[in-house]
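A.B. asks: Need coordinates for the following:
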Amino acid sequence: MSPRPQLAREEEPMDEQAAVDGTERVLLRFLPDGTEVRVPSGTPIFDAASWNGIAIDSTCGGHGTCRKCKVQVLRGHAPISPLDPRAFNTQELHDGWRLACRAPAREDLVVSVPPLQTRPKAALVGVGRHVILRPAVVKRYVELEEPTMEDQRSDVQRLLDAIDDLEPHIPLDVVRKLGRVLRSSGFKVTAVVVDEEMIDVEPGDTTDARHALAFDLGTTTVVATLLDLDSGQPLAVQSLLNAQQPFGGDVISRISATMMDPDALDTLRSRAHETMAALATEVCEEAGIAPEQVYEITVCGNATMMHIALGIDPEPLSMAPFTVTTHELPETLASDFGVGVHPRAPAFVFPSLGAYVGGDIVAGMLATGLTRDRRIRLFIDVGTNSEIALGCEERVLATAAPAGPAFEAAQIRCGMRAAEGAIEGIRIADDDVELQVIGDAEPVGLCGSGLVDCVAELVRSGLLDHSGRFIPDEDAAERLPVLAPRLTKIGEERVFVMHWRGEDPAESIFLSQRDVRELQFAKASIATGWKILLREYGIEPGDIQQVLLAGSFGAYLSPASAVRIGLVPRLALPRIVSAGNVAGEGAKIVALSHRERAEARSIVREVEYVELSGRADFNDLFVDELALPG
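C.D. replies: Presented below is the predicted three-dimensional model:
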């Protein structure tokens, strides 16, 4: 190993600086290619490299057991970990050689990375993100020497001595069973450690069974993904409608229910638990996995869903000044969510930015790498309450825009959920209307993406003017005589018939003038939100290098239609990406890599929240954005 150009400072205890971890970002420069990255303080050098596509040798996934991730700190200081002396001699340590997975970056560093010999174990998650597998759940199989008169170490000490690369805390529940398990298994056991807690000791070698459950606890739908923590692959995915639905389709309705009925909070909490428990049972049965082999759950959701699921009064979320009880929850167990997995399995819950930018958006930012990317990107989670973020690794702004239920088609005359029979796409030609229907079935109604498509196509064809009004009948007959009969009236309201059912337009599937207005209000709220963020950031729409449309709705939304109605900036279509359910992807990422949790927590500290209510410029911008640019 080559000598170090600049000598390391005298080593100092790691704990003295641990308190500053994640509170700020540090700059790392990797040689020989010179790549520079900014990461939260305390991030291991190995993770800082892997997050940014810099390959460091590893076969153990960063647990310190293979001792292959050797790097040399050329400038700055990285403390010596307990494992470093096993990999390097005294001179090498003095010259700055460290195991990258055990070297936290707490200040600016210059790091030399040797050529790659092997590839770190990784999984493809999120929007094309590679995540180095470093689950919080660790298993260690050990074969212990049985006690003798000469060796009377306690059972706990005997086990800890055998697991020399971990320093777990052993709770009373595990101590109670330890002696029995050791002796019944001939002192051949597997220790199960999650973060710093030993949650179980299992007889025999069970290291091939390591699983976690990732939940996206949505207001409408709850999704559960069962993950194999050795491969990083999902074993089963299931979704269910949130059983809280009878209390209202949006968070305000559910908060109102808890304010009017003192028993409603307990009922809503039970409904959330029932949904999550049912999903856990389904995915375990589908994969043939015993629930006791699921050692951790991760949960993301908006602030209201988290409050209700944990029995925390959500009322302060609904009124000014819109405060959450806590941004980061105390230690939580899977059982606190009613999920029947390993009885001591912990739950990682995403922190929230505010009352209306919750943990689901933090999870989405993590999955898209919004705070790590050099590009300026616009992130929009389209829904009843649409969350918006704008920025890059240097600065990120976020806000929430109350769009209303139009995108979920809840208040649309022929609206329905995105289920079989829903019109999800429309193309209007000079003489025909082409419908794209979910399941290729007979049209039943119109879902959110179909609504956006229909309005965009009507504007493009000229049947809808830029103010959102249907053009007069005589103009329609002159411009598009074949399509003009579809522009008719139901009572006194003008409508456009997309799919005829007989001759009566009221029995058909149509778009009404009021439906157009609903969409205009929703899109104007979102467009006003991102335009205010652009003002605060001091940039123009053309400076945005990518737009990410998130959420289940964003996955089906046509970028061309989104641009045509003014929902997103007018950019080249390849720069507008349907990101899908990035909240659920974020929940998977933190299950696969506990180091990513530091990034999730840093997002909460670093992202600047911009409150729209009460702003003098909001109303003027909102009125301007009601127009449909076409």
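
A.B. asks: rest of the way, CA atoms for contacts and neighbours
C.D. replies: OK.

A.B. asks: How much space separates the nearest residue to Val455 once chain neighbours are set aside from Ile565?
C.D. replies: Excluding the flanking residues, the one nearest Val455 by Cα to Cα, 6 or more residues apart in numbering is Val516, at 7.0 Å. Going from Val516 to Ile565 by Cα to Cα, to the nearest Å gives 11 Å.

A.B. asks: Which helix or which strand is home to the residue nearest to Val455?
C.D. replies: Secondary structure assignment for Val516, by DSSP states H and E: helix 513-537.

A.B. asks: residues of that helix that come out buried?
C.D. replies: By 16 or more other Cα atoms under 10 Å, the buried positions in helix 513-537 come out as 513-534.

A.B. asks: Next: stretch 401-418.
C.D. replies: Buried residues in stretch 401-418, counted by 16+ other Cα under 10 Å: 401-412, 414-418.

A.B. asks: so of those residues, which ones are in strands?
C.D. replies: Ala401, Pro402 (DSSP state E).

A.B. asks: What segments of the stretch 51-200 of the chain are helices?
C.D. replies: Counting by DSSP state H, counting those that start in this stretch, the stretch 51-200 of the chain has helices at residues 84-87, 90-94, 155-162, 172-184.

A.B. asks: weakest of those by average pLDDT?
C.D. replies: Mean pLDDT per stretch puts helix 84-87 lowest among the helices of the stretch 51-200 of the chain, at a mean of 87.

A.B. asks: How much space separates Ser335 from Arg344?
C.D. replies: Distance, Ser335 to Arg344, by Cα to Cα: 8 Å.

A.B. asks: can you pull out the strands in the stretch 151-300 of the chain?
C.D. replies: Using DSSP state E, counting those that start in this stretch, the strands of the stretch 151-300 of the chain run over 188-194, 197-203, 211-217, 221-228, 234-241, 294-301.

A.B. asks: Any chance of JSON lines for the ones you listed, columns distance to Asp617?
C.D. replies: Below are the strands of the stretch 151-300 of the chain laid out as JSON lines (distance: least, Cα to Cα, whole Å):
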{"stretch": "strand 188-194", "distance to Asp617": "49"}
{"stretch": "strand 197-203", "distance to Asp617": "51"}
{"stretch": "strand 211-217", "distance to Asp617": "34"}
{"stretch": "strand 221-228", "distance to Asp617": "35"}
{"stretch": "strand 234-241", "distance to Asp617": "38"}
{"stretch": "strand 294-301", "distance to Asp617": "30"}
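
A.B. asks: Can you list the low-confidence ranges for the stretch 401-550 of the chain?
C.D. replies: Scanning the stretch 401-550 of the chain with the threshold set as pLDDT under 70 gives 410.

A.B. asks: where along it do the helices fall?
C.D. replies: 448-461, 473-479, 513-537.

A.B. asks: What are the contacting residues of the second one?
C.D. replies: For helix 473-479, contacts defined as Cα atoms under 8 Å, 6 or more residues apart in numbering pick out Leu463, Leu483, Ala484, Pro485, Leu487.

A.B. asks: what's stretch 590-607 in contact with?
C.D. replies: Contacts of stretch 590-607 (Cα under 8 Å, 6+ apart): 22-24, 40, 43, 47, 131-136, 195, 212-214, 229, 232, 296-298, 350-353, 362-363, 365-366, 371, 395-398, 589.

A.B. asks: Which of these are buried, as a ChimeraX select command?
C.D. replies: The ChimeraX selection below is limited to those of these classed as buried (16+ other Cα under 10 Å):
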select :22,24,40,43,47,131,132,133,134,135,136,195,212,213,214,229,232,296,297,298,350,351,352,353,362,363,365,366,371,396,397,398,589
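
A.B. asks: Stretch 239-252 - what's its average pLDDT?
C.D. replies: In the prediction, stretch 239-252 has an average pLDDT of 84.

A.B. asks: before we move on, back to that, distance to Leu378 added to the helices of the stretch 51-200 of the chain, as CSV?
C.D. replies: Formatted as CSV, the helices of the stretch 51-200 of the chain follow (distance: least, Cα to Cα, whole Å):
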stretch, distance to Leu378
helix 84-87, 42
helix 90-94, 44
helix 155-162, 48
helix 172-184, 47
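
A.B. asks: A helix includes Arg564, no?
C.D. replies: Yes. With DSSP: H, G, I helix; E, B strand; the rest coil as the criterion, Arg564 is part of a helix.
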